[in-house]
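Asks: give me the fold of what follows.
(2 chains)
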Amino acid sequence: MKFVFTEDQLQFQDTMRGFLSQECTPDSIRSGWVDKQPLNQQRWNAIAELGVLGANLSEEDGGLGVDQVALALMVEEMGYVALPEPIAEQSFLINDVLHLFPDQIQDAIRAEFNEGKEYIAVSHPQNPHPVFLSEAKGLIMIDETSCHFVKPSDVSSELIKSNDPSRVLSRILGVKNTISSDDNFQQLNQEINSRGTLLTASLLLGLSQKMLDLSSAYVLDRNQFGKPIGSFQAVKHMLADIAVAIEFARPAVYRASYSLLETNPKSALHCAHAKYMAVKAAELACKNSIQAHGAMGYTWEMDLHIYMRKSWSLMACWGNDDYQQNIIFNTLRSSDDELGVLYTF
Amino acid sequence: MKISFTEEQNTFRQEIRSWLVANLPKEKLKSLDTKEGFEQHREWEKTLNSGNWSMVTWPKEYGGRGLNLIEWLIFEEEYYRVEAPTRVNQNGVFLLGPTLMEFGTDDQKNKFLNAMASGDHIWAQGWSEPGAGSDMAAIRTTAVLEDGFFVINGQKTWSSRAAYADYTFGLFRTDLESERHHGLSFILAPLDLPGITVRPIPQLDGEPGFAEIYFDDVRVPVENMIGGEGDGWKIAMATAGFERGLMLRSPARFQQTAAKLLSLYLENESQCSPAIQAKIVEAWAKSESYALSIYHTASKMMSGASIGSESSLGKIFWSELDYMMHETALKILGASAELDEEQHQNAAQWIKGFMFSYAGPIYAGTNEIQKNIIAERLLGLPR
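Replies: Residues are numbered from 1 along each chain as shown, chains lettered A, B, ... in the order given. Prediction:
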């Protein structure tokens, strides 16, 4: 038992944090909104050059063998800056499960995705509106029974506006020339679902921490009754409550990423637990942060809503807390394991 | 990173499990807040000590096994799994023990640690006073040095276990000119000295779990001071850290409650609404998260990190979780919830636990004080 990160894992996180704090500022996100080009190709390429994209592929596919734990830490940093580019999606939903796709679909992905550096979009019952389809070199569609690969030119779709201007969504109207297979479908579907759940949980952790940091800074700066509002207990306690919620979501997310790495038979439950806790933390972070900002928090000008909007979207997709609650409940109800103190490890 | 137990740790788990099966009292002990129950629990402490199980993390010379925090967590898991008796000496073994280990002299360790491990000295806390609750720096009980003795005058209150305990530890004002957290010293006082009057206070459950202690010219030898004169506040903060942190409330307690709550739900499922399902999931998810967090913290400490104000986060989390789980149990029990009878699905146990769960957000520093600590020391907000 050694529930601490390795030097390597922390190094990947640090590198990601340093890079993103320079490259993904609120101003750069806002200019993407104004230009109606929230996906910044330059930033995507820079992240690819940093070696992040495709780094978690197996070595024979050109990757560096970065593990799921390090990846989850890096994704947390992507959440912290509300990164618009779907790097977390590409890394977890395509690169990390490449070997699980049916052979002919693997071949089609390999032909298009340039060792993980080009984007492949994913639609799934828990994520019905793929993000940035227009930028993708391919689309993976998971339905109730099988997996399909289709080239973007063979997809008929319409753009839908998201409440988060950083997310460009598509509604799929029809497809042709698909490569379809139900080989290994159950496992593939489960692993993709778990990773969608985990990656949104990791992003929400980072987003919640960012909202707490913004709020702590704001209440120090804003004066009323002759002193910073952060000196009033009513305000302190709202922010302390966020800190508690984040503190106990964090180890759940870390454990879930480790379960994926170890292919733990309970990884689906662990990912559901991670998302459940992360959504509760993010909900509280949004609600108490806007309250701590007062009317300023309700403006377009204040940066807080960049992170709130992203949070609201990610809470909802890849299974909200209600969906995860059902997974947990059904598992607990049907489990033969001895519950209680021996269940955790 | 490795989140699983080693072979040695699994062997250790089997060892404590077998020992508990062989040595657990055959009949349930009476409440430790009754005279008879207190002595029964003292006997249990002696039994634990006979197997060297009093505090597995202590060095062998003081009755421990010199094991690490992970092994202590395993011990706790097995302990709660069989619902072994509440530790009547938890003030001693979990709070004062680690404090002595860090700040005590060799003489003090020799005098007090073995007697603590064996249950010969059961300890009561002596922090609060009528005018010093959340504002602990307002302590007024004085200890004046005179011919090698402190002469103590004043009053302590809410002193857990004091009704029947042998000793108390607490903060006393040794510099009469001092104010607030200056001039306080950490002193250990036998409760059978002349001039001490203990007045038990019946708690919400009707039993005297805490007491007032009156000091009237009580003479305590100067060797009973931990650290130097005026060091009391610093040492007390370390002790409070142990209490809020992983020592007092290891995760096993809450995981066991969550498991019992699930069983209670499954027995009564047909009468429960979906709102109860949501609470069952919350109980499991939060007790699981608490366990993960404590294993994460223990691993970090074993890698050389120290914890400070972070322990306030956990204290809020487990106390609110404990209340929520007991409240949910009573909802499941429905009209049986008020029955003071064990045979009705342990109704009496649940209502007793429910009442005790109200104490969680108050003791060891109220949750409001913990939130101030988090805001000021972790988030950097002004006092």
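Asks: from chain B, how far out is the residue of chain A positioned farthest from its centre?
Replies: Relative to the centre of chain A, and counting by CA atoms, centre = their mean, the farthest-placed residue is A:Gly226 at 41.2 Å. Distance, A:Gly226 to chain B, by CB to the nearest CB, to the nearest Å: 12 Å. C-beta: built from backbone N, CA, C; applies to glycine.
Asks: does A:Leu260 touch A:Cys271 like I think?
Replies: Yes: between A:Leu260 and A:Cys271 there is a contact at 7.5 Å, judged by CB atoms under 8 Å.
Asks: find the residues that touch each one of these two.
Replies: A:Ser194, A:Arg195, A:Leu198 (CB atoms under 8 Å, 6 or more residues apart in numbering or on different chains).
Asks: which of the residues you listed sits closest to chain B?
Replies: Comparing the shared contacts of A:Leu260 and A:Cys271 against chain B with CB to the nearest CB picks out A:Leu198 as the nearest, at 14.7 Å.
Asks: my read: the closest one touches A:Ser257, true?
Replies: Yes: counting by CB under 8 Å, A:Ser257 is a contact partner of A:Leu198 at 6.3 Å.
Asks: hey, what's in contact with both of the two?
Replies: Between them, A:Leu198 and A:Ser257 share the contacting residues A:Ala72, judged by CB under 8 Å, 6+ apart.
Asks: ok, for A:Leu20, nearest residue in space, not its chain neighbours?
Replies: A:Val81 (4.6 Å; CB to CB, 6 or more residues apart in numbering or on different chains).
Asks: roughly how far does the one you found sit from A:His293?
Replies: 19 Å (CB to CB, to the nearest Å).
Asks: which one of those two has more residues nearby?
Replies: Using other CB atoms under 10 Å in any protein chain shown, the more surrounded residue of A:Val81 and A:His293 is A:Val81, with 25 against 21.
Asks: and the gap between the residue in the stretch 51-200 of chain B positioned nearest to chain A and A:Met315?
Replies: Per CB to the nearest CB, B:Glu77 is where the stretch 51-200 of chain B lies closest to chain A, at 4.0 Å. Taking CB to CB as the measure, B:Glu77 falls 33 Å from A:Met315.
Asks: quickly find the element holding A:Leu188.
Replies: According to DSSP states H and E, A:Leu188 maps onto helix A:185-221.
Asks: following that helix, which helix or strand comes up?
Replies: Once the chain leaves helix A:185-221, the next helix or strand it forms, by DSSP H and E, is strand A:223-224.
Asks: show me what the closest residue to A:Ile109 other than its chain neighbours is bridged to.
Replies: With sequence-adjacent residues excluded and distances taken as CB to CB, 6+ apart, A:Ile109 is closest to A:Ile120, at 6.0 Å. Here A:Ile120 sits in beta bridges with A:Gly138, going by DSSP bridges.
Asks: A:Ile160: how many residues sit nearby?
Replies: For A:Ile160, using other CB under 10 Å, the count is 11.
Asks: SS state for it?
Replies: strand (DSSP: H, G, I helix; E, B strand; the rest coil).
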